[in-house]
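[1] What follows is a predicted structure for the sequence shown.
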Amino acid sequence: MPKTIPMIITNDNILIKKKESEEFVSFEMPGIEAACNIPFYHQFAQKISECQYYFKQFIKKEYGKKYSKNVFAIITPDDTSPLESIFINEFFLNSGACKAVAQMTMGQAISKNYSRYISISKSSRNIILQYINNNEVRAKKYYDCKKYDTKMIFEDAKRLHIDIEYAGVPIFVNNFNLNMDEFFEMGQVVTPKDFLDKIAVIDVEKL
């Protein structure tokens, strides 16, 4: 039976769960430099064979001889576009480091105890509101992370989708990148440890 390997694409690296523990290790491609408002993995395309080779060796070292039979459960930033999602899928599949890939956003993975909730997070580009219902993103709204009105976001969260108006669904503030201080009063704050603990035992069948 293939093993599910949880991993998270953060604002600046890829975190991969270790084989023998609940801890995560970081994969950072040498020679990749940060660019403003552009996810770091976009630069993988410029030297894709080299990046896939280094990633494959990284997985092989951590997971041993049968590494290529595993399934990657990849958690992406909440503002990952459909084209970016396709690139992520193809990058990992074509690296030869896994058997299959499943993706979900950080917002979809943030709670296992509620079927309906709102998540708010901040990527390197945007602040993102999401309404999640039974693991599906039913509504989403973006705000430029360099220009936004906190009060407006608070109000928008109350009516992001017709299902949640007056319903009092919980709101989760994703503080994985430690950049959400001004939104703490908005709902339940999810710390990096909280999030990693959830991802470490993720069920790929829900992706």
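    Now that the structure is in, tell me what you want to look at. On a predicted model such as this, the values are computed, not experimentally measured, just so you know.

[2] max-length helix in this protein?
    For the chain, the helix with the greatest residue count under DSSP state H is helix 48-63.

[3] center of the chain, which residue is that?
    In the chain, the centroid-proximal residue (CA atoms, centre = their mean) is residue 76; its distance is 2.8 Å.

[4] so it bridges to which residues?
    Residue 76 has these beta-bridge partners by DSSP bridges: residue 105.

[5] circling back: and the longest helix of the chain, what other elements does it pack with?
    strand 14-17, strand 24-27, helix 82-94 (3 or more CB pairs under 8 Å, 6 or more residues apart in numbering; DSSP states H and E). C-betas here are computed from N, CA, C, even on glycine.

[6] Please enumerate the helices of this protein.
    With DSSP H as the criterion, the chain has helices spanning 48-63, 82-94, 106-109, 150-158, 192-200.

[7] Kindly compare burial across those and name the winner.
    Comparing the helices of the chain by mean neighbour count (mean count of other CB atoms under 10 Å), helix 106-109 ranks first with a mean of 24.

[8] starting at the chain centroid, how far to it?
    Relative to its parent chain, helix 106-109 has a centroid offset of 7 Å by CA atoms, centre = their mean, to the nearest Å.

[9] Show residues contacting it.
    With CB atoms under 8 Å, 6 or more residues apart in numbering as the test, helix 106-109 has contacts from 8, 75-78, 119, 121, 128, 130, 132, 135-137, 172, 174, 176, 195, 198-199, 202.
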